[in-house]
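# Fold the following and give me the result.
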Amino acid sequence: MKLAPIYLAAALCGGALHAPALAQPQTAEDTPVSARVSVGPLDDGNWFVRYTFDAPQPVYALAHSLTGYRSATWTPQTDGVRFGRLDGIDVIIAEEPVSEIEFSIIPLTGQLPNDPTPFVTFAGGGIAIHDAQFELVGFKDMEAVEALEGDIAAASASVIPMEITVEADGPIRTSADTGQGTLSAPVKDQYIYLGDGEFEPHEGFSMLADPYLPGWLASSFPDAVEGFLTTLETNWGRELGEDVSLIVAYKGAQARGLSLDGNALSDQVMLELGGQGFAEANGDALAYLHWYTTRELVELFQTPGDVRLGGPETAWIHDGFANSIAYQLIASDMQSRDEFLSSVYTGAFEDCVATLEGGTLESAIERRAVTGPYACGDFIALASDGYLRQRDIFGIWQALTDWASRSSDKTIDKQVYFTAMQLLGAAPAQRERIRAIVEDELDKPRTALRELLEDAGLEPQFNESGQLRALDWPDYAVQ
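Residues are numbered from 1 along each chain as shown. This is a model prediction of the structure:
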């Protein structure tokens, strides 16, 4: 989950906000299933989660374990099965391999700092279930889990192909199918929706909107998304395909200000929005929603084929580039483009400096400086663009994905970034400036960041208090 930068909301409407992380692409639909999971509500308000296995193993780890909420919300119902955490990984241990394991769980509807919201509620009474929260990796013993040293992502290639069945009263929907009372689908990193909403087809995507979504948003938002996708597809030089879907969950207008959270999944974007700021037509709130949605859509383009994003230590790469592209594209449609960019990047500069004052950029998320990778990564994206003659940020990302596709783990990480920048023509001294921002504990982070922008030809301008006021902004809308 990703926290949206506070300074953006201040620039647009001053409302309170929260926002969230990218889940990796998972099981392909044509992969043979070797496990099944059934989920559904119980009479006591809990939900059941029942796994069945074709080839039982004695130890399983939850593939998405970055946040340890399950220890307090999942209770085994199968004799001889224990559940707990080992080195930050949720682990299921059976006295001997069994073909069926069942849990009673409290459905978590709150946002998580590192994973998509497990269960998303809707003001209209529906609920959406993130299917990948149930994914497992099998192990022969506990020693094999210990060997991961807490890095469950290292076992991502061994996630068990799984089918999910949701059982509940009423209609159940994915973007591709609908059932009544029950629905089965391959686990593919998507939300399964229970409720009265429906996926409506649009140009290039389908959208399910909360029936209680304010009319001023429901009527205009699909056309806006069509425009965002068209612009991104033009700049990226490729289409996402017909499977892209968008879900908009409305949280009501009880809270002050506005709130906006979201996740980009393999081919779906989930948005959770609410607050008084969205209750009535509001240009600032709409601009914020457009920026946030564009940023999430950008992330759908970042992992073509079997390329995947790196872990939290490399969030400055993908989050920073997505942030930068979204800001520039949204600003390109504004009459006050330079004023808007000045306002958001003033806050971003201070956010980045504060992050670097607390430690290295690559340790930011570990230190819970979760907005730092967006802010600093955005400036690194701008500097990367500035260092290269063509000034083509989309071309840079194409180079990153191309080089990652040639690597053994097909991951866009720090090594891939610096190798790609070298191949694109960035000089050693230029790469060293960026490396220092990422890896070093800087004595003078404000000076280091300022010198990076100057060295990249971005012509930063500062006021008497040392606050960033302007840059030589690129215009990605015309590339």
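
# which stretches of the stretch 101-250 of the chain form helices?
Assigned by DSSP state H, counting those that start in this stretch, the helices in the stretch 101-250 of the chain fall at 142-146, 215-236.

# sec struct for Leu260, please.
strand (DSSP: H, G, I helix; E, B strand; the rest coil).

# isn't it right up against Tyr288?
Yes - Leu260 is in contact with Tyr288 according to Cβ atoms under 8 Å; the separation is 6.8 Å. For glycine as for every other residue, the C-beta is placed from the backbone atoms N, C-alpha and C.

# tell me the secondary structure for the residue nearest to Gln302 when sequence neighbours are not counted?
With Cβ to Cβ, 6 or more residues apart in numbering as the criterion, Gln302 has its nearest non-adjacent residue at 5.5 Å, and that residue is His318. State at His318, reduced to three classes by three-state DSSP: helix.

# pLDDT at His318, what is it?
Note for His318: predicted pLDDT of 96.

# change the start of the numbering to 34 and stick with it
In the new numbering, first residue 34, that becomes His351.

# Now do it against Gln309, distance only.
Relative to Gln309, His351 is positioned 32 Å away (Cβ to Cβ, to the nearest Å).

# Between the two, which is the more surrounded one?
Neighbour count, other Cβ atoms under 10 Å: between His351 and Gln309, His351 has more, with 25 against 16.

# list the contacts for that one?
Applying Cβ atoms under 8 Å, 6 or more residues apart in numbering to His351 gives the contacts Leu55, Glu332, Gln335, Leu342, Gly343, Gly410, Ile445.

# Please apply the same query to Arg69.
Tyr84, Thr85, Met195, Glu196, Ile197, Thr198.

# again, but for Gly228
Phe155, Gly157, Gly158, Gly159, Ile160, Gly203, Pro204.

# run the last query once more with 7 Å
Neighbouring residues of Gly228 by Cβ atoms under 7 Å, 6 or more residues apart in numbering: Phe155, Gly157, Gly158, Gly159, Ile160.

# Which single one of those is nearest to Glu129?
Minimum distance to Glu129 across the contacts of Gly228 is 35.5 Å, recorded for Ile160 (Cβ to Cβ).

# Name the residues linked to the closest one by a beta bridge.
Thr154, Leu227 (DSSP bridges).

# check contacts around it.
Phe152, Val153, Thr154, Leu227, Gly228 are the contacts of Ile160 under Cβ under 7 Å, 6+ apart.

# mind redoing it with 10 Å?
Shown in contact with Ile160 (Cβ atoms under 10 Å, 6 or more residues apart in numbering): 74, 80, 140, 142, 152-154, 201, 224-228, 282.

# And Gly353, by the same measure?
By Cβ under 10 Å, 6+ apart, the neighbours of Gly353 are 347, 385, 394, 405-415, 417.

# Kindly state the pLDDT recorded for Val66?
Note on Val66: pLDDT of 76.

# which residues touch Leu304?
Counted by Cβ under 10 Å, 6+ apart, Leu304 has contacts 52, 153, 242-243, 254, 279-283, 293-296, 322, 325-326, 329.

# What about the contacts of His351, which one has the most neighbours?
When neighbours are taken as other Cβ under 10 Å, the top entry among those is Gly410 (27 neighbours).

# how would you label the residue lying closest to Trp249 once chain neighbours are set aside: helix, strand or coil?
Excluding its sequence neighbours, the residue lying closest to Trp249 (Cβ to Cβ, 6+ apart) is Ala314, at 4.4 Å. Assigned with three-state DSSP, Ala314 falls in the coil class.

# just the one 10 residues further on next, same as before
Three-state call for Trp324 (three-state DSSP): helix.

# And it, how close does it get to Asp488?
28 Å.

# show me the contacts for Ala68.
So Ala68 contacts 84-90, 93, 132, 167-169, 171, 193-197, 220 (Cβ under 10 Å, 6+ apart).

# circling back: redo the contacts of Arg69 as CSV? Include neighbour count and pLDDT.
Rendered in CSV, the data for the contacts of Arg69 read as follows (neighbours: other Cβ atoms under 10 Å; pLDDT from 0 to 100):
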residue, neighbour count, pLDDT
Tyr84, 22, 99
Thr85, 16, 98
Met195, 24, 97
Glu196, 17, 98
Ile197, 25, 98
Thr198, 18, 99
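
# in the chain, which segments are predicted with low confidence?
34-64, 509-512 (pLDDT under 70).

# Return the longest strand in it, judged by number of residues.
Taking DSSP state E as the criterion, the chain has its longest strand at strand 195-206.

# now for it, which elements pack on it?
Helices and strands touching strand 195-206, by 3 or more Cβ pairs under 10 Å, 6 or more residues apart in numbering; DSSP states H and E, are strand 68-74, strand 80-86, strand 160-163, strand 211-219, strand 224-227.

# For Ala188, give me its contacts.
Applying Cβ under 10 Å, 6+ apart, the residues near Ala188 are Ala94, Ala96, Ile122, Val170, Gly171, Phe172, Ala177, Val178, Ala180, Leu181.

# ok, now Pro109?
With contact taken as Cβ under 10 Å, 6+ apart, Pro109 is in contact with Arg115, Phe116, Ile125, Ile126, Ala127, Ile134, Glu135, Phe136, Ser137.

# Filter those down to the buried ones, PyMOL style.
Of the contacts of Pro109, the buried ones can be selected in PyMOL as follows, counting by 16 or more other Cβ atoms under 10 Å:
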select buried, resi 116+125+126+127+134+136
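
# Nearest residue to Leu306 in space, please, no chain neighbours.
Per Cβ to Cβ, 6+ apart, closest to Leu306 is Leu293, 4.8 Å.

# I'd say the one you found and Tyr325 touch.
Yes - because the distance of 5.5 Å satisfies Cβ atoms under 10 Å, Leu293 is recorded as touching Tyr325.

# which stretches of the stretch 384-512 of the chain form strands?
Under the criterion DSSP state E, counting those that start in this stretch, the stretch 384-512 of the chain contains strands at 444-445, 494-495, 501-503.

# partners of the second one, with directions?
In the sheet containing strand 494-495, its partner strands are strand 501-503 (antiparallel), by DSSP bridges.

# Can you give me the buried ones in the strand it pairs with?
Leu501, Ala503.

# For Leu99, give me its contacts.
34, 54, 121-123, 145-148, 183, 185-186, 344-345, 398.

# before we move on, the earlier item: tell me how far the residue nearest to Gln335 lies from Glu313.
Taking Cβ to Cβ, one finds His351 at 35 Å from Glu313.
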